[in-house]
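> The following comprises the amino acid sequence and a computationally predicted model.
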Amino acid sequence: MASHISEVNRCQFPRAIQLWLIMLFVLLLLMSSGVCFAAKCVYIASYHHGYEWNDGIERGIDDVLSSACEIHKFFMDTKRNNDLEFINKKSLEAKAFIEKIQPDVVIASDDNASKYVIQPFYKDAKTPFVFCGVNWTVESYGYPYTNVTGMIEAAPILPLLKEIRKIVKRPTKGIYLSADVLTEHKDFARYRKNYADDGVGLQGIFVKTMAQWKAQYKKAQASDANFIILNNNSGINDWVKSEAKQFVLQHAEIFTVTNYQWMMAYAMFAMTKVPEEQGEWAAKVALAILDGHSASDIPIVVNRQWNTYVNPELLQKAHIQLPTNVLNKAIKVTSHE
């Protein structure tokens, strides 16, 4: 019996060595191809997962980066929670998250990530950052830094005014109705200046609740305004889509416009930014940085894409007729979508 066992062991031992050598070869092959030690990327989002603008940026990032690096994500949730104590707490958590991951590059979307994470903690640091979704200007953050580049987010507000003039004869006054959050005040400041330069006054109204939004929407319909900009409802935490849709169908009379696709259930016309553009561009820059390029060598740019939407149901309710060429090129949506 012992002789038989020894015979088996003598036969199996070379095969075991052979198998071990094969496994070692595969391991070395994987290591040389970078699979075992993939680059680490961090995405810091100013807002929450489920916010449509945020999600569009995330889709753009994932489409470009998912096969190139490990993507670790942190959501600051500062659209729904915009008090300073909460923001400071989440900013420190974001910093701790970055330090734990030790990423090769960080992508940070929208203003709060730049204002409360990059600027105070990572100015001219070793870790490279790519921002996106920062509204209109980066002057208040002091960009560029040696380790930071990005894409500024600019809405097509003057092209939008051009379209408004096709519908409203000689407009002189508009109302800007939006959630009471940092980015909306920043957007309004740019709207007000640009429209004033073009002879149109703009009144800003910012609300925190749906009841306030409905009251101000109805009040605007009875005002002497020529048009209403429904800029964003994100930050109104008790928003109920079905209730808002029914409300605007009942009360819509004045021409309403927006810069956000998800607001088209409540507005008649939109020229919207494309969030995927921001995410895809930031991800491609992250790839360039992973390939050895310096963030300081990549210039800060401004987005270039937008889409046009119309809501025929609301237009019909308000007895407003758009030019045929505008209708033909626009994406059609309804209040029931």
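Thanks, I have the structure now.
> Who are the contact partners of residue 306?
Counting by Cβ atoms under 8 Å, 6 or more residues apart in numbering, residue 306 touches 155, 156, 159, 271, 272, 273, 274. The C-beta positions use only the backbone N, C-alpha and C, and glycine is treated the same way.
> Please convert the residues you listed to a markdown table, extending it with pLDDT and distance to residue 102.
Compiled in a markdown table, the contacts of residue 306 are given as follows (pLDDT from 0 to 100; distance: Cβ to Cβ, whole Å):
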| residue | pLDDT | distance to residue 102 |
| --- | --- | --- |
| 155 | 86 | 36 |
| 156 | 90 | 39 |
| 159 | 91 | 43 |
| 271 | 93 | 41 |
| 272 | 91 | 37 |
| 273 | 88 | 33 |
| 274 | 90 | 32 |
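> Show me which pair in the residues you listed is furthest apart.
The largest distance within these, taken as Cβ to Cβ, falls between 159 and 274 and amounts to 14.0 Å.
> related to what we said a few turns ago, quick one: which of the contacts of residue 306 sit in helices?
residue 159 (DSSP state H).
> can you redo the contacts of residue 306 as CSV with neighbour count?
Listed next are the contacts of residue 306 as CSV, based on neighbours: other Cβ atoms under 10 Å:
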residue, neighbour count
155, 21
156, 20
159, 12
271, 21
272, 22
273, 22
274, 17
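> Nearest to residue 79, out of the contacts of residue 306: which one, please.
Nearest member of those to residue 79, counting by Cβ to Cβ, is residue 273, at 16.1 Å.
> how close does that closest one sit to residue 174?
Residue 273 sits at a distance of 19 Å from residue 174 (criterion: Cβ to Cβ, to the nearest Å).
> What segments of the chain are helices?
Using DSSP H, helices in the chain cover 2-33, 52-65, 84-101, 111-113, 119-121, 157-167, 182-197, 210-221, 241-251, 275-290, 312-317, 324-329.
> Which of those has the highest mean neighbour count?
Of the helices of the chain, the one with the most neighbours on average (mean count of other Cβ atoms under 10 Å) is helix 111-113, at a mean of 26.
> Which secondary structure elements does it sit against?
strand 129-135, helix 182-197 (3 or more Cβ pairs under 8 Å, 6 or more residues apart in numbering; DSSP states H and E).
> So which elements touch the longest one?
I take that to be helix 182-197. Contacts defined by 3+ Cβ pairs under 8 Å, 6+ apart place helix 182-197 against helix 111-113, strand 129-135, helix 157-167, strand 173-179, strand 201-207.
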